[in-house]
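Student: Structure for this input, please:
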Amino acid sequence: MKDEELSVRLREAADAHRPDRERMLARVERGMAEGRPPARPARPPRAVAPWLRVAGATAAVCGVLAFGAVAVTSAGEGGSSGERVAAPGTPAPTPSVSPPAALGALRTQDGPLWTDGAVDPHSNVYWAQSDVTLRTAEPLSALTVELRIALTGGVNSTGSWRSLPEKDFTVSATEDGGYLVYRWALKAGRTVPAGTHTFAGQYNHAEGDRDAAGDYLTAHAVRASGERASVGDYFGPDH
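Tutor: Take a look at the predicted model:
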């Protein structure tokens with residue numbers, strides 16, 4: 001088909017599809033007079049030339065492809081809100097502190113020396129005291145007691161005390177290896193008499209019931225006979 005003949009047919013088809021303007025205006029005026037929106041005028045079906053059907057199908061395909069491209073672009077930008085949805089991140093693991101020795105490795109009694117560790121019953125949801133009870137059946141010429149409090153939420157030192165004379169001991173409170181460490185060391189030339197003695201460390205902590213399962217104590221002593229003794233205990237529920 002020549003280009004001129006194609007142009008003529010296109011113009012004829014366009015003329016055939018022109019609406020009857022006078023009839024449409026008349027229907028609009030009647031609808032407004034009756035108080036309702038005018039109905040869209042229906043058109044009888046018209047025969048369409050084969051070459052026009054092909055052109056229409058091509059235009060429809062192009063329209064579908066264009067709409068699909070817009071839809072994909074919109075979805076990639078987060079839909080109508082334009083927000084991108086981020087994948088949830090992996091939560092950071094919660095750090096925990098455990099005693100370096102396995103449960104049961106610490107013995108509470110060695111010869112004349114015996115110990116026990118417990119959280120004081122007067123502790124509360126903000127503050128706690130850990131008590132070390134040490135009993136010896138004979139005098140000690142050397143003694144070092146260490147109380148280790150796991151640095152769980154909000155733990156910080158508020159002081160310490162012992163039942164033996166303050167002047168007989170060197171006392172320190174430091175942080176080491178994930179623990180708040182209270183250390184009482186008997187000064188050279190001093191002795192610990194036979195009997196039951198108490199050492200206590202005090203500290204603040206995050207609000208709530210603190211789990212003391214990671215806390216423990218050790219005590220190393222030299223007996224009057226020159227023999228050494230070592231004891232220890234955990235503060236957990238199964239200590």
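
Student: where along the protein do the helices fall?
Tutor: In the chain, the helices defined using DSSP state H lie at 3-16, 21-34, 50-76.

Student: which stretches of this protein have low pLDDT?
Tutor: 1-104, 237-239 (pLDDT under 70).

Student: mind running it again at 80?
Tutor: Residue ranges of the chain with pLDDT under 80: 1-105, 236-239.

Student: What residue spans form the domains of it?
Tutor: 1-43, 48-81, 109-234 (automatic domain parsing).

Student: Count the neighbours of the residue lying closest to G236 once chain neighbours are set aside for me.
Tutor: In space, and not counting its chain neighbours, G236 is closest to A213: 3.7 Å by C-beta to C-beta, 6 or more residues apart in numbering. All C-beta spots, glycine's among them, are computed from the backbone N, C-alpha and C. Neighbour count of A213, defined by other C-beta atoms under 10 Å: 19.

Student: A213 against V119, yeah?
Tutor: No - using C-beta atoms under 8 Å as the test, A213 is too far from V119 to be in contact (10.8 Å).

Student: Distance-wise, check G159 relative to A142.
Tutor: For G159, the distance to A142 (C-beta to C-beta, to the nearest Å) stands at 25 Å.

Student: Which of the two has more residues huddled nearby?
Tutor: Neighbours were counted for G159 and for A142 using other C-beta under 10 Å; A142 has more, 16 against 12.

Student: so what's that one closest to, chain neighbours aside?
Tutor: Closest to A142 by C-beta to C-beta, 6+ apart is V222, at 3.8 Å.

Student: same deal with A212?
Tutor: Nearest to A212 is F235, by C-beta to C-beta, 6+ apart, at 4.1 Å.

Student: how much space is there between the one you found and G178?
Tutor: F235 sits 15 Å away from G178, going by C-beta to C-beta.

Student: now do L113
Tutor: 27 Å.

Student: Next: S225.
Tutor: Relative to G178, and taking C-beta to C-beta, S225 is found at 37 Å.

Student: what does S141 give?
Tutor: The gap separating S141 from G178 is 33 Å, by C-beta to C-beta.

Student: R162 too?
Tutor: Taking C-beta to C-beta, one finds R162 at 24 Å from G178.

Student: Between these two, which has more neighbouring residues?
Tutor: R162 (19 against 14).

Student: Can you give me the neighbour number for the residue lying closest to the more buried one once chain neighbours are set aside?
Tutor: Excluding its sequence neighbours, the residue lying closest to R162 (C-beta to C-beta, 6+ apart) is F199, at 4.6 Å. F199 has 27 neighbours, counted by other C-beta under 10 Å.

Student: For F199, list each beta-bridge partner.
Tutor: In this entry, F199 is beta-bridged to V132, R162, by DSSP bridges.

Student: Now do the same contact list for it.
Tutor: 131-132, 134, 145, 147, 160-163, 182, 184 (C-beta atoms under 8 Å, 6 or more residues apart in numbering).

Student: repeat that with 10 Å
Tutor: F199 makes contact with 115, 117, 130-134, 143, 145-147, 160-164, 169, 171, 182-184, 217, 219, according to C-beta atoms under 10 Å, 6 or more residues apart in numbering.

Student: what's the spacing between it and Y182?
Tutor: 8 Å.

Student: Count the residues that sit near the closest residue to S163 other than its chain neighbours.
Tutor: With sequence-adjacent residues excluded and distances taken as C-beta to C-beta, 6+ apart, S163 is closest to T198, at 4.4 Å. T198: 12 surrounding residues under other C-beta under 10 Å.
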